[in-house]
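> my questions concern the predicted model and sequence given below.
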Amino acid sequence: MGILAIAFNTFREGVKEKIFYAIVIFGIIIMGSSRVISSLSLGEVEKITKDLGLATISLLGLLVAIFVGTKLVYEEISRKTIYTIVSKPITRSQFILGKYLGLILIISVTLAILTGFFCLVVYLNLGTLSLPLLGAIALIFLELAVITSVAIFFSTFTSPISSALFTVGIWVVGHFSGDLKALVQMSPSSLVKATSIFLYYLVPNLSNFNIRGEVVHEVSVPRLFLVFSTVYGIVYTTVVILISSLIFRRRSF
């Protein structure tokens, strides 16, 4: 059983989850109601349609990563299928990577469905589509790739509930890490400052992937920022998956 086999098996198991279909349907309903919501705000149809759609894609993608990703490894252990897997000619690092790729495939399908419907809603409401919208969705995917790696990381040594809580906590802190760093820098304590800087670089800075405000208000985003965000996402994800593999390799079954 290779990495791709584990990935596709993970994908098949993930799409069987009822929560997967519930999240997708819920997203379609929310974006479909954007026309009704925007009609309540005079002159704000374009902004509300774009902002609501992008926010929906981001939040529902996060829910998929949390509800599916946080129990991937745990279920293999609880069902004792992990014994069959580790007995095959495959390393535990390959197992973790396969699980991660499988979850990324699930998220890709989720985003593809929601993005397709979102583009349809935007076209029907506004009569046009813009390339920056797709750029914003691409960064949302990178953000979810990072959060997925974090969910996999916690799932290697905690229960699904704990993993979900920790992952949500990282997501919240990651979106406000820059603001928290600025506030803590005002503290007179050097220990508090040092701790805040350590946490700032430890927790993913998810604001690097959020350009919804710029897209909604039609503000251009520098290409250098997009390149930096892409490299940052890839590097951070790689490091977290490597650490997850090291932790999982040390577990005894």
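Received, thanks.
> residue contacts, residue 153?
Shown in contact with residue 153 (Cβ atoms under 8 Å, 6 or more residues apart in numbering): 240-241, 243-244, 247. No exception for glycine: its C-beta is placed from N, CA and C like everyone else's.
> hmm, try it at 10 Å
Neighbour list for residue 153: 69, 73, 96, 100, 163, 166-167, 170, 240-241, 243-245, 247-248 [criterion: Cβ atoms under 10 Å, 6 or more residues apart in numbering].
> host element of it?
Element membership for residue 153 (DSSP states H and E) is helix 131-155.
> buried set for that helix?
Neighbour-count burial for helix 131-155 flags 132-133, 136-155 (criterion: 16 or more other Cβ atoms under 10 Å).
> residues contacting residue 24?
Applying Cβ under 10 Å, 6+ apart, the residues near residue 24 are 60, 64, 109-110, 113-114, 117.
> filter these down to just the ones in helices.
Taking DSSP state H, the ones among those that sit in helices are 60, 64, 109-110, 113-114, 117.
> save those as JSON lines, and put in distance to residue 23 too.
JSON lines is the format used below for the ones in helices among the contacts of residue 24 (distance: Cβ to Cβ, whole Å):
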{"residue": "60", "distance to residue 23": "5"}
{"residue": "64", "distance to residue 23": "6"}
{"residue": "109", "distance to residue 23": "12"}
{"residue": "110", "distance to residue 23": "7"}
{"residue": "113", "distance to residue 23": "10"}
{"residue": "114", "distance to residue 23": "9"}
{"residue": "117", "distance to residue 23": "13"}
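> the helices in this protein, which residues?
In the chain, the helices defined using DSSP H lie at 3-15, 18-32, 34-38, 45-69, 72-78, 81-86, 92-126, 131-155, 160-184, 190-202, 212-216, 223-249.
> how close does the residue lying closest to residue 217 once chain neighbours are set aside sit to residue 61?
Leaving aside its sequence neighbours, residue 217 sits nearest to residue 47 (Cβ to Cβ, 6 or more residues apart in numbering; 7.3 Å). According to Cβ to Cβ, to the nearest Å, residue 47 and residue 61 sit 21 Å apart.
> who has more neighbours out of the two?
Legend: neighbour count by other Cβ atoms under 10 Å for residue 47 and residue 61, higher for residue 61 (26 against 14).
> my guess is the more buried one contacts residue 139, does it?
No. Under the criterion of Cβ atoms under 10 Å, residue 61 is not in contact with residue 139, lying 11.7 Å apart.
> residue 59: neighbour count?
Residue 59: 14 surrounding residues under other Cβ under 10 Å.
> so what's it up against?
Neighbouring residues of residue 59 by Cβ under 10 Å, 6+ apart: 23, 27, 30, 140, 171.
> mind checking pLDDT for it?
Note on residue 59: pLDDT of 91.
> ditto for residue 186
pLDDT, residue 186: 69.
> with residue 18 instead?
pLDDT, residue 18: 80.
> distance of it from residue 56?
20 Å.
> among those two, which residue is more densely surrounded?
Of the pair residue 18 and residue 56, residue 56 is the one with more neighbours under other Cβ under 10 Å, namely 20 against 7.
> quick one on the thing from earlier: which of the contacts of residue 153 tops the neighbour count?
Most neighbours among the contacts of residue 153, by other Cβ under 10 Å: residue 69, with 32 neighbours.
> that one contacts residue 146, doesn't it?
No. Judged on Cβ under 10 Å, residue 69 makes no contact with residue 146 at a distance of 11.9 Å.
> intersection of neighbour lists for these two?
By Cβ under 10 Å, 6+ apart, residue 69 and residue 146 have no common neighbours.
> return the distance of stretch 89-98 from the chain's centre.
Taking Cα atoms, centre = their mean, to the nearest Å, one finds stretch 89-98 lying 22 Å from the centre of the chain it belongs to.
> would you mind writing the CA trace of that stretch as PDB?
Extracted C-alpha coordinates of stretch 89-98, given in PDB (Å, rounded to 0.1, in the frame of the first residue of the first chain):
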ATOM      1  CA  PRO A  89       5.900  -2.300   3.500                       C
ATOM      2  CA  ILE A  90       5.000   1.300   4.200                       C
ATOM      3  CA  THR A  91       6.600   3.700   6.700                       C
ATOM      4  CA  ARG A  92       4.600   5.700   9.200                       C
ATOM      5  CA  SER A  93       5.800   8.900   7.600                       C
ATOM      6  CA  GLN A  94       4.200   7.700   4.300                       C
ATOM      7  CA  PHE A  95       1.000   6.900   6.200                       C
ATOM      8  CA  ILE A  96       0.800  10.400   7.600                       C
ATOM      9  CA  LEU A  97       1.600  11.900   4.200                       C
ATOM     10  CA  GLY A  98      -1.000   9.800   2.500                       C
END
